[in-house]
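*Asks:* Compute the structure for the input listed below.
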Amino acid sequence: MYRKLLVGYDDSPASRAALAEAAHWVKRHGGELALVHAVFFDTEEFGIAPEQLEKRAALGRRLCTTAVQSVGAAPGVPARSIICEGEPPEVILDAAKSGDADLIVLGTYGRRGLRRMLMGSVTAQVIGKARADVLVVHRPCQECRGEYRSLLVPYDGSTFSRAAVERACELAAADNAAVTALYAIPRYEEMVGFLRTEGIRARLNEEAGKIVAEAAAIGAAHGVRVATTVADGAPVDRIVEAVKQSGFDLVVMGSHGHQGVERALLGSTAERVVVHAPCPVLVAKERS
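*Replies:* Numbering: from 1, shown residues only. Presented below is the predicted three-dimensional model:
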């Protein structure tokens, strides 16, 4: 399904894990790899030492050449590298657009708390702005297999989550994987202060049943059985809990693409799942 994979690479342990995951995917399913390395040069900091720019570019070329030779040594894994000057998120997004990449693969250390909120991260910016799907690898390099047998899809009936179910079905067809759709019933009483009566609870459960039935119907239309489950509480908490308890090896979810102040303050559910989930997360974008 994915034919052009773009890996953000800086030779960090996280980027090496992303490369390993992508290389295994290409080896199993075909396609081609491109590594993109951003050479960031702060003119205010290094304006008096312009030779630093070329030194950094040379280091990037050396790192990428070694990485390409490493993955390219495996049969069936064609790979090349791209070196560009600029901020890493913009370099990755531009390379994905110009190369018509259909999957961006990134590693992450999973920044938490105030540091993440204030600084953001390359991963968060790419998730928010990319047109292609984004796979975020959040596990050690030696555990990367590029293969998924058990997929969890958070589903809320939105167009974003429909795209996620459809992508999960494509992955299931490629790897004969099981798919489970999860809907988390919001705790409105905690948000607006009303009491949840039995009548309200029954209506919420009825609505939840209709929502997950939609996910199952989307799966059936793709020839894939989608199991369903309903939980009660904050979506991020329920998603991470389900992964830990049931051992899902990939979360496939849509991105609502919050921008500006809303995104800075709240982040997206996808970004928070990326931070907290112990398995890779595939953020599926709507296809035009």
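
*Asks:* Nearest spatial neighbour of E241, chain-adjacent residues omitted?
*Replies:* In space, not counting the residues next to it along the chain, E241 is nearest to A231; the distance is 7.7 Å by C-beta to C-beta, 6 or more residues apart in numbering. Just so you know, the C-beta spots here come from the backbone N, C-alpha and C atoms, and that holds for glycine as well.

*Asks:* ok, now which ones touch the one you found?
*Replies:* The neighbourhood of A231, defined by C-beta atoms under 8 Å, 6 or more residues apart in numbering, consists of L182, Y183, A184, I185, R238, E241, A242.

*Asks:* can I assume E147 sits in a strand?
*Replies:* No: under DSSP: H, G, I helix; E, B strand; the rest coil, E147 sits outside any strand and is assigned coil.

*Asks:* Against D232, how distant is it?
*Replies:* Computed as C-beta to C-beta, to the nearest Å, the E147 to D232 distance reads 32 Å.

*Asks:* In three-state terms, how would the residue nearest to E241 be classified?
*Replies:* Following three-state DSSP, we place A231 in the strand state.

*Asks:* cool, Y183 as well?
*Replies:* strand.

*Asks:* Count the residues that sit near it.
*Replies:* Y183 is surrounded by 27 other residues when neighbours are defined as other C-beta atoms under 10 Å.

*Asks:* what do you get for F41?
*Replies:* One way to gauge burial is a neighbour count; for F41, by other C-beta under 10 Å, it gives 16.

*Asks:* Next, give phi and psi for it.
*Replies:* Torsion angles at F41 (phi, psi; degrees, to the nearest 10) stand at phi -130, psi 110.

*Asks:* ok, it - contacts?
*Replies:* With contacts defined as C-beta under 8 Å, 6+ apart, F41 is in contact with Q52, L53, R56, E85.

*Asks:* same thing but at 6 Å, please
*Replies:* For F41, the residues meeting the contact criterion (C-beta atoms under 6 Å, 6 or more residues apart in numbering) are L53.

*Asks:* confidence score at the residue nearest to E241?
*Replies:* At A231 the predicted local distance difference test score is 92.

*Asks:* Same check on F248?
*Replies:* Model confidence at F248 (pLDDT) stands at 95.

*Asks:* related to what we said a few turns ago, can you say which of the contacts of A231 are buried?
*Replies:* Among these, those buried by neighbour count (16 or more other C-beta atoms under 10 Å) are L182, Y183, A184, I185, R238, E241, A242.

*Asks:* so which of these comes closest to K210?
*Replies:* Proximity of those to K210, judged by C-beta to C-beta, is greatest for Y183, which lies at 9.7 Å.
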